[in-house]
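**Student:** Here is my input; please provide its structure:
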Amino acid sequence: MPITPATAAHSSSNGTGETIMLELVDEDGRTIGTAEKLAAHQAPGQLHRAFSVFLFDEQGRLLLQQRALGKYHSPGVWSNTCCGHPYPGEAPFAAAARRTFEELGVSPSLLAEAGTVRYNHPDPESGLVEQEYNHLFVGMVQADLRPDPAEVGETVFVTADELAERHAKGPFSAWFMTVLDAARPAIKELTGPGAGW
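**Tutor:** Alright, predicted model coming up:
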């Protein structure tokens, strides 16, 4: 999708007209400044702080979300439970809990840190680039979902085998497998060996 004035305005505002700023970091995850959200994602991309959340139900199934079609970046693709960017100065843990509630209407249970991963994933559709230092979190979901339709198209709980089938058919976000693989040790600890993650 080409970047137009409409998509640029949508991407850089939080709905109140306020510009969204991201926290720029160095290769070790130390804060070095800020940048406007769209500018940070324009090629070649600026390394910035992000987070990814993986929530599971009591049966050890992963909650996936399909990104809403109206999103300026990677619309309509499947991805992990929730992902996003902390505000400058906001703790990644707090941001992960906040955005999970904003997008899905639930507060995660037993949310725990699961490491970090650094990646560079261009999105051929939009021309935008994900240059991210990503903080990973795993936890449980124990309440009924109330997704925000502006953020989430669909949700589904999947086993590891069901995920493999879905992923083979696509489409998934460019960063999905990178963050899933990096979070696997913590996922296995949370769900137990029988879940197959």
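**Student:** how many other residues sit next to the closest residue to Gly60 other than its chain neighbours?
**Tutor:** Distances taken as CB to CB, 6 or more residues apart in numbering place Ala195 nearest to Gly60, at 3.3 Å, with adjacent residues excluded. C-beta coordinates here come from the backbone N, C-alpha and C atoms, glycine included. Neighbours of Ala195 under the rule other CB atoms under 10 Å: 16.
**Student:** burial measure for the closest residue in space to Val77 that isn't next to it in sequence, as a count.
**Tutor:** Excluding the flanking residues, the one nearest Val77 by CB to CB, 6+ apart is Pro171, at 4.6 Å. Neighbourhood size, Pro171 [other CB under 10 Å]: 14.
**Student:** Likewise for Gln59?
**Tutor:** When neighbours are counted by other CB under 10 Å, Gln59 comes out with 9.
**Student:** Relative to Pro171, how far out is the residue nearest to Gly60?
**Tutor:** Here the distance between Ala195 and Pro171 works out to 25 Å (CB to CB, to the nearest Å).
**Student:** returning to what we had before: verify the stated contact: the residue nearest to Gly60 with Val158.
**Tutor:** No: here Ala195 does not reach Val158: they are 11.2 Å apart, not a contact under CB atoms under 8 Å.
**Student:** For this structure, which residues score under the pLDDT cut-off?
**Tutor:** Across the chain, the ranges flagged by pLDDT under 70 are 1-18.
**Student:** in terms of contact, does the residue nearest to Val77 touch Trp78 like I think?
**Tutor:** Yes: counting by CB under 8 Å, Pro171 touches Trp78, with 7.1 Å between them.
**Student:** Please enumerate the shared neighbours of the two.
**Tutor:** Common contacts of Pro171 and Trp78 (CB atoms under 8 Å, 6 or more residues apart in numbering): none found.
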